[in-house]
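Undergrad: sequence unavailable; structure follows:
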């Protein structure tokens, strides 16, 4: 997004009076000095036009015999694209038939009297200026030559928006009494759901720091220290498999506050998100919809449902109990359920199209899809001959409808139904791309249970507070406890999540024990600095963290996090431009008391 006219004085330097994208028709008659990159050039035989680019936009420079000396005209004709030039000339209005409506500066041009090449460029490895419809270079090539890729106006606009979102975050939180406080980057390894990046200590041989997966424990310690409102635009690191919306190093808006409950965090978060969306030119509801985790899983099959369309999942177990159908009878006897969706208009899909849906469901772990369609009053599918009048009434299919069912345990059925629901919506063009359906998902389970071993794992992290009502009602059944946790979701994408924290050291110690860290000495070894702080007197506190990269990606309409991060990693966790990671010389490793041995026993 170009800088405003009011920023001109800030942009002026000893080498330029204005930035390219700031000049307008009211500047006609001014003499200006400009600097930038040659975006495009056109030699019309005696007339040369150059589109000059800086981060504020494009401006046309005109070179001609009536106003440009012959040496300036010759230089303009010979300069290569992506070279850096300085030019001086007069702003003139373009003739009406030469106005370019696609450029903010399209009503004017600068007739150049002098030009100097200050940064000659080799032939670029990839084009910065691309014609409309021109095929983009491969992402690998773009990342290898990122210094060129980042010159593209599209990516520059993304990073300018990212900057503005950061400043909007700081303004909003500072205005609400939050202090921007920093936490260590070299810290202690703690379990937070992914592998840590470890950093060897040279001065303490055989010992390691960890890069923080989040500032979680430190922000809780800030609350214990009395800094009752904290935020940080924090760098976080997780050694996990990557995808389009995940990077090994990422940025989050990290927030923590004392003497609060869930509604306080929800109100603050709704206001912050509203401020960020306004910064990008969007107005959104002041309050978001609410849904429990249980309802999200029951009706949508996932904990981040997309509410822009219907196709809700329903439980048809009671109907199938009345049918003599072996597949469902067997599943119901084993304690599973039969759930599914009704797809209006899906009855027109071919057998091949429905088979594709079944393959999608199978890829999520179920054995298959049961189908039933109604066409011209007749039912078709494996279930058709088993239907009773009561079942037909319960399914309530209209002509042209398709019913798709899954007979399985919820943990297996949910991801399959979620994928099928999303694919059906896509095929039926039910997704309104302009809709903004924000949602709070509340009351997550405190733990998830390993079906084979019964071992408990924290759904969020070990520092989340359990619901006090559940602790009282089910003191010996922690698998039934809800957490005071919450996620905020937009159109099926999680923007952030948080929780009220455990502030009682005895409860925190019990949480560790339930997670398999029952030995007191082990708790102290791993989490002693937190437990010690809690024992010193901790206020009730909680917070939330937002994926800043993901927010920037959504608001810039990018399709990958890599398009809103200056120097990202590939899905193989490599930096193609810098060439990282690399092997380290043995002398450097020896200084760190490290020897590398590969898994196959070879020396690295």
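TA: Yep, that arrived. On a predicted model such as this, the values are computed, not experimentally measured, just so you know.
Undergrad: so which bits of stretch 431-447 are buried?
TA: 437, 438, 439, 440, 441, 442, 443, 444, 445, 446, 447 (16 or more other CB atoms under 10 Å). Just so you know, the C-beta spots here come from the backbone N, C-alpha and C atoms, and that holds for glycine as well.
Undergrad: surely residue 368 meets residue 357?
TA: No - here residue 368 lies out of contact with residue 357, judged by CB atoms under 8 Å, at a distance of 10.4 Å.
Undergrad: which of those two has more neighbours?
TA: Taking residue 368 and residue 357 together and counting by other CB atoms under 10 Å, residue 357 has the greater number of neighbours (21 against 16).
Undergrad: the residue nearest to the more buried one when sequence neighbours are not counted: which element?
TA: Using CB to CB, 6 or more residues apart in numbering and skipping the chain neighbours, the partner closest in space to residue 357 is residue 420 (5.6 Å). Assignment of secondary structure by DSSP states H and E places residue 420 within helix 410-427.
Undergrad: for that helix, the distance to its chain's centre please.
TA: Its chain's C-alpha centre lies 21 Å from the corresponding centre of helix 410-427 when counted by CA atoms, centre = their mean, to the nearest Å.
Undergrad: buried set for it?
TA: Of the residues in helix 410-427, those scored as buried under the neighbour-count criterion (16+ other CB under 10 Å) are 412-422, 424-425.
Undergrad: likewise for stretch 399-406?
TA: For stretch 399-406, a neighbour-count test (16+ other CB under 10 Å) marks 401, 402, 403, 404, 405, 406 as buried.
Undergrad: closest to residue 494 out of the residues you listed?
TA: Nearest to residue 494 out of the buried residues of stretch 399-406 is residue 406 (CB to CB; 23.8 Å).
Undergrad: which strand residues bridge that closest one?
TA: residue 339 (DSSP bridges).
Undergrad: could you double-check that it sits in contact with residue 365?
TA: No - at 10.1 Å, residue 406 does not count as touching residue 365 under the criterion of CB under 8 Å.
Undergrad: mutual contacts of these two, please.
TA: Taking CB atoms under 8 Å, 6 or more residues apart in numbering as the contact rule, the neighbours common to residue 406 and residue 365 are residue 416.
Undergrad: now the helices: where do they sit in the stretch 201-350 of the chain?
TA: 216-225, 262-279, 293-300, 317-320, 326-333 (DSSP state H, counting those that start in this stretch).
Undergrad: in terms of secondary structure, what does the last one contact?
TA: This points to helix 326-333. helix 317-320, strand 337-343, strand 402-408 (3 or more CB pairs under 8 Å, 6 or more residues apart in numbering; DSSP states H and E).
Undergrad: buried residues in that helix, which are they?
TA: The neighbour-count check on helix 326-333 (16+ other CB under 10 Å) flags 327, 328, 331, 332 as buried.
Undergrad: closest to residue 588 out of those?
TA: residue 331 (59.2 Å).
Undergrad: so the closest one versus residue 320, what's the distance?
TA: 9 Å (CB to CB, to the nearest Å).
Undergrad: how close does the residue nearest to residue 357 sit to residue 300?
TA: Taking CB to CB as the measure, residue 420 and residue 300 are separated by 11 Å.
Undergrad: stretch 483-499 - what's its average pLDDT?
TA: Taken as a whole, stretch 483-499 has a mean pLDDT of 97.
Undergrad: now do the buried residues in that stretch.
TA: Along stretch 483-499, the positions that meet the burial threshold by neighbour count (16+ other CB under 10 Å) are 483-492, 494-499.
Undergrad: and residue 480, what does it touch?
TA: For residue 480, the set of contacting residues under the criterion of CB under 8 Å, 6+ apart consists of 470, 474.
Undergrad: tell me the confidence at it?
TA: In this prediction, residue 480 has a pLDDT value of 94.
Undergrad: where do the strands sit along the stretch 501-604 of the chain?
TA: For the stretch 501-604 of the chain, strands defined by DSSP state E, counting those that start in this stretch occupy the ranges 541-547.
Undergrad: got any ranges where it has weak pLDDT?
TA: Applying pLDDT under 70 to the stretch 501-604 of the chain picks out residues 601-604.
Undergrad: those strands in the stretch 1-150 of the chain, which residues are they?
TA: Counting by DSSP E, counting those that start in this stretch, the strands of the stretch 1-150 of the chain are 31-43, 48-54, 57-63, 84-93, 108-119.
Undergrad: how about these, which one is nearest residue 522?
TA: Distances from residue 522 to each of the strands of the stretch 1-150 of the chain were compared using CB to CB; the minimum, 57.5 Å, belongs to strand 48-54.
Undergrad: state the mean pLDDT of that closest one.
TA: Mean per-residue pLDDT for strand 48-54: 97.
Undergrad: give me the contacts around it.
TA: When contacts are defined by CB under 8 Å, 6+ apart, strand 48-54 is touched by residues 19-21, 34-42, 58-64, 73, 76-77, 79, 85, 87, 109, 129, 151, 153.
Undergrad: same question, stretch 8-24
TA: Outside of stretch 8-24, the residues within contact range by CB under 8 Å, 6+ apart are 2-3, 5, 7, 27, 32-36, 52-59, 86, 91, 104-105, 107-108, 110.
Undergrad: and the nearest residue in space to residue 540 that is not next to it in sequence, how many neighbours?
TA: Counting by CB to CB, 6+ apart, residue 540 lies nearest to residue 503, which is 5.5 Å off, once chain neighbours are set aside. Other residues within reach of residue 503, judged by other CB under 10 Å, total 20.
Undergrad: could you report the pLDDT at the residue lying farthest from the centre of the chain?
TA: No residue in the chain has its C-alpha farther from the mean C-alpha position than residue 66, which lies at 53.4 Å (CA atoms, centre = their mean). On pLDDT, residue 66 comes in at 91.
Undergrad: can you name the residues that contact it?
TA: The neighbours of residue 66, taking CB under 8 Å, 6+ apart as the test, come to nothing; the list is empty.
Undergrad: in this protein, which helix or strand is least confident?
TA: One helix or strand of the chain scores below all others by mean pLDDT, DSSP states H and E: helix 8-11, with a mean of 79.
Undergrad: mind listing what's buried in that one?
TA: By neighbour count with 16+ other CB under 10 Å, helix 8-11 contains the buried residues 8, 11.
Undergrad: how far is it from where the chain is centred?
TA: Relative to its chain's centre, helix 8-11 lies at 33 Å (CA atoms, centre = their mean).
Undergrad: thinking again about what came up before, which of the strands of the stretch 1-150 of the chain sits closest to residue 136?
TA: When the strands of the stretch 1-150 of the chain are ranked by distance to residue 136, counting by CB to CB, first place goes to strand 31-43 at 16.8 Å.
Undergrad: partner strands of the closest one, with direction?
TA: Here, using DSSP bridges, strand 31-43 pairs with strand 48-54 (antiparallel), strand 84-93 (antiparallel).
Undergrad: which of those strands is buried the deepest?
TA: By mean neighbour count, with neighbours taken as mean count of other CB atoms under 10 Å, strand 48-54 ranks first of the strands paired with strand 31-43 at a mean of 24.
Undergrad: low-confidence ranges, the chain, go.
TA: Scanning the chain residue by residue, the ranges that satisfy pLDDT under 70 are 1-7, 191-193, 244, 601-604.
Undergrad: longest helix of it, counting residues only.
TA: For the chain, the helix that runs over the most residues, judged by DSSP state H, is helix 153-175.
Undergrad: contacts for the helix or strand following that helix?
TA: Along the chain past helix 153-175, the next helix or strand (assigned with DSSP H and E) turns out to be strand 179-180. Applying CB under 8 Å, 6+ apart, the set of residues contacting strand 179-180 from outside is 170, 173, 174, 227, 229, 230, 231, 232, 233.
Undergrad: can you flag the buried ones in those residues?
TA: Among these, those classed as buried by 16+ other CB under 10 Å are 173, 227, 229, 230, 231, 232, 233.
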